[in-house]
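Engineer: the amino acid sequence is not available; the structure is as follows:
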């Protein structure tokens, strides 16, 4: 009982956990993607994406609420029986590994493009792997503790981006609905990719304190925070650069930093990226934790500790595999579509089945 | 030897022979025959650790005066007890008692007459304060307990004795406040202390290493202090202190990372000043282990971070140096560590020489010789000074050690290397626990109440709720 209690994370930690998992590498290039589809309405696209994410969170929450105390993997086993359940677990593990490697790869690519041009990719990947492995092996409470600490880094990141506002021109963003409502909604599709991470609530939900309602509120607040943060970043970039400039810059957020200079720092982007990298580490760790946790459920072991290295090696291999930019893009699209299936499709099916079983089960009883 | 049991004989000679043999006929064992009411008797003691004057006054002289009294009433000493177990008597002898055997009696007396060659209660040299009590622990555990009791005159203060060491037993005491200490914590500490099974324990360092949670970590996981007031403050906060006889250091658990940044002086200063000093200490902490790494990364990876003017200044001093920045930094750091260690071992009269050799000869000559740049000297000197800002010597050593891996990481991956190195360190800190308590509290897990006394120090009425808040009085 004591051990069980020790593993629980508080509401605040759940909040930060979801934030850290959600904010990833996507935001760096998001403004330029949105500029293509939605132009000045990019901020609105993010809001739409936030709303969509909120629906997905509600869906996952409904599923989790039906099985109190169980996480995704337990639910899979319960609904699908030993064989289908195990299969489901395996595909979910595959999904977590895929997303983990995708984030890791994108992160490494950004870092190599901006800071470590001559360092070989395997070296930077290895660095990420060691670091994330060290954390992912630990208990959830330790993860949560570190995320709390890492969340302090949002303050300098936020200030950095705020500084961009001093040279922003609102007219760059106007008119908001230049490309029409349809394109704004289409832009939301690009944004959802940067929103992933909330699905980790499937794993940590039973391990956090509070009633179902409180937890839903916490996760929703986290989503709100991330959405607003993205809106802020995207709008700042859209105001800072005009549409023509934006087309030429793939990562406007970093470019924004680059043009800023403080009194002893001439290029803020070089300070920004190492700090940003720590938030990325948190996202990767979350996925690695989820995957190794799944393995521990699959093999019926108490601790996920010894599975983390395997997950990490697989992640490392997958991230190392694509050599060309086409390959990288392929990985990107694969994880985007996988997410639709694993966050939207499968949970919905499971929810329907569970409702069905429930009705059937409650009938005779 | 101590494992065997032997009840005392009724004959005095047999007893004294046994004890002599057990102590291997050591020369400082003194015997003195004193008869009592016509029966033969004998006093035995080790003259090296007993107070012979005390024996004379309280044990021997009474015999000549009050032959008519009963034995227990006769001794004017202090504490004495009746024993039947000879090995207990031998242990008593070793702890400074004298034994009295009487012919025909199956029991013998153990009379406590220890020699007291104590250091006076003086201020610990490495933990001096400007204001506040100037006393410190000494090598006598009883005196140390006295010092604590003197500070905390409360029935809640509880002391529990343990004996550690199989061949050389030593007394250890566990001190805590019954009302504030977490019973769970006390249980853990107790269990860990009882688990220690060594032949002998000389210093608190042994206990420290045998009870800490993660022996592979470089961070100290127990607070050690020689100050009674420091110890008392922790005890009142619900911490547990471990004292060892023969060691002037108290170990306090559970430690947190930030407890190594507090000094007793913090609570004697104005709170604004203390907060400022703590802020300076924080800067010291950051520079102590990051500055060389940052410098290496900046110079070798990201010179474009610097404004042009500054860049030219640094570049100018670097052009003459034949080594890469990492080697340069390592060289200087190594020299600094050499000087530090040498300064520690040298007698203070020769110590000045080190200052001259280190500061003037090496410091200046190494630049003139073109081996190291001036900026690097500044960086390393700043780092060295910063590392002395950390109040705890153990934490300071840990931080000094951490510089080296960070420097290597910085020379391999630049800022990313530093960022990841720091991440690893912080993950480790989040992972670490001291006696079941998170090491990095109150920052992570976050406790806002605890933060009031971490980076800054809030006024005491705001930290301690039980004391009256001056604002509410109005």
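Structural biologist: Here it is on my side, so go on. Please read all numbers here as calculations on a predicted model, not as lab measurements.
Engineer: could you report the separation of residue B:403 from residue B:285?
Structural biologist: Distance, residue B:403 to residue B:285, using CB to CB, to the nearest Å: 12 Å. Glycine gets a C-beta too; all of them are placed from N, C-alpha and C.
Engineer: enumerate every residue touching the closest residue to chain A within chain B.
Structural biologist: Going by CB to the nearest CB, chain A is nearest to residue B:419 of chain B, at 3.4 Å. Applying CB atoms under 8 Å, 6 or more residues apart in numbering or on different chains to residue B:419 gives the contacts A:274-275, A:277-278.
Engineer: ok, residue A:141 next?
Structural biologist: Residue A:141 makes contact with A:6-9, A:13, B:445 under the criterion CB under 8 Å, 6+ apart.
Engineer: in PyMOL, select just the buried ones from these.
Structural biologist: In PyMOL, this line selects whichever of the contacts of residue A:141 come out buried by 16 or more other CB atoms under 10 Å in any protein chain shown:
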select buried, (chain A and resi 8+9+13) or (chain B and resi 445)
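Engineer: Serialize the contacts of residue A:141 to a markdown table and add fields for distance to residue A:341 and secondary structure.
Structural biologist: Shown next, in a markdown table, are the contacts of residue A:141 (distance: CB to CB, whole Å; DSSP: H, G, I helix; E, B strand; the rest coil):
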| residue | distance to residue A:341 | secondary structure |
| --- | --- | --- |
| A:6 | 35 | helix |
| A:7 | 30 | helix |
| A:8 | 31 | coil |
| A:9 | 28 | strand |
| A:13 | 29 | helix |
| B:445 | 36 | coil |
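Engineer: so does the helix or strand that contains residue A:126 get close to chain B?
Structural biologist: Using DSSP states H and E, residue A:126 falls within helix A:121-136. Yes - using CB under 8 Å from any CB of the partner chain, helix A:121-136 reaches chain B at A:123-124, A:127, A:131, A:134-135.
Engineer: among those residues, which ones are buried?
Structural biologist: The neighbour count (16+ other CB under 10 Å) marks A:124, A:127, A:131, A:134-135 as buried among those.
Engineer: could I get these as TSV with pLDDT and distance to residue A:303?
Structural biologist: Shown next, in TSV, are these (pLDDT from 0 to 100; distance: CB to CB, whole Å):
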residue	pLDDT	distance to residue A:303
A:124	91	29
A:127	90	26
A:131	90	20
A:134	92	16
A:135	92	15
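Engineer: list just the nearest of those to residue A:319.
Structural biologist: Closest approach between those and residue A:319, by CB to CB: residue A:124, at 10.0 Å.
Engineer: how near is that closest one to residue B:426?
Structural biologist: From residue A:124 over to residue B:426 (counting by CB to CB), the distance is 20 Å.
Engineer: not counting sequence-adjacent ones, nearest residue to whatever residue of the stretch 151-300 of chain A ends up closest to chain B?
Structural biologist: Here the residue of the stretch 151-300 of chain A nearest chain B is residue A:274; by CB to the nearest CB that distance is 3.4 Å. In space, residue A:274 comes closest to residue B:419 once its chain neighbours are excluded; the distance is 3.4 Å by CB to CB, 6 or more residues apart in numbering or on different chains.
Engineer: now do the same for the one you found: helix, strand or coil?
Structural biologist: helix (DSSP: H, G, I helix; E, B strand; the rest coil).
Engineer: model confidence score at it, please.
Structural biologist: On pLDDT, residue B:419 comes in at 92.
Engineer: I'd like to know how far it sits from residue A:297.
Structural biologist: 33 Å.
Engineer: what residues does chain B have near chain A?
Structural biologist: By CB under 8 Å from any CB, the residues of chain B that approach chain A are B:301-302, B:304-308, B:310, B:413-420, B:423-424, B:426-428, B:430-431, B:438, B:440, B:443-446.
Engineer: 7 Å instead, please
Structural biologist: With the criterion set to CB under 7 Å from any CB of the partner chain, chain B comes near chain A through B:302, B:304-307, B:413-416, B:418-420, B:423-424, B:426-427, B:430-431, B:438, B:440, B:443-446.
Engineer: can you flag which of those belong to strands?
Structural biologist: residue B:438 (DSSP state E).
Engineer: among the residues of chain B next to chain A, the buried ones, what's the ChimeraX command?
Structural biologist: Listed next is the ChimeraX selection for buried residues among the residues of chain B next to chain A, using 16+ other CB under 10 Å:
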select /B:302,305,306,307,413,414,415,416,418,419,420,423,424,426,427,430,431,438,440,443,444,445,446
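Engineer: and the residue of the stretch 151-300 of chain A closest to chain B, what element?
Structural biologist: helix A:268-298.
Engineer: might you list the low-confidence residue ranges for the chain?
Structural biologist: Let's take chain A. Chain A contains residues with pLDDT under 70 at A:1-6, A:360-365.
Engineer: chain B was what I was after
Structural biologist: In chain B the weaker segments, taking pLDDT under 70 as the threshold, are B:1-4, B:77-78, B:464-474.
Engineer: residue ranges for the strands of it, please.
Structural biologist: B:29-33, B:41-46, B:80-83, B:97-102, B:108-112, B:157-164, B:170-177, B:223-225, B:240-244, B:250-253, B:433-434, B:437-438.
Engineer: give the other helices and strands that the fifth one contacts.
Structural biologist: The helices and strands touching strand B:108-112, judged by 3 or more CB pairs under 7 Å, 6 or more residues apart in numbering or on different chains; DSSP states H and E, are strand B:80-83, helix B:86-94, strand B:97-102.
Engineer: what's the shortest one in contact with?
Structural biologist: Applying CB atoms under 7 Å, 6 or more residues apart in numbering or on different chains, the contact partners of strand B:80-83 are B:89, B:107-112.
Engineer: ranking those residues by neighbours, who comes first?
Structural biologist: Among those, residue B:108 has the most neighbours (other CB atoms under 10 Å in any protein chain shown), with 27 neighbours.
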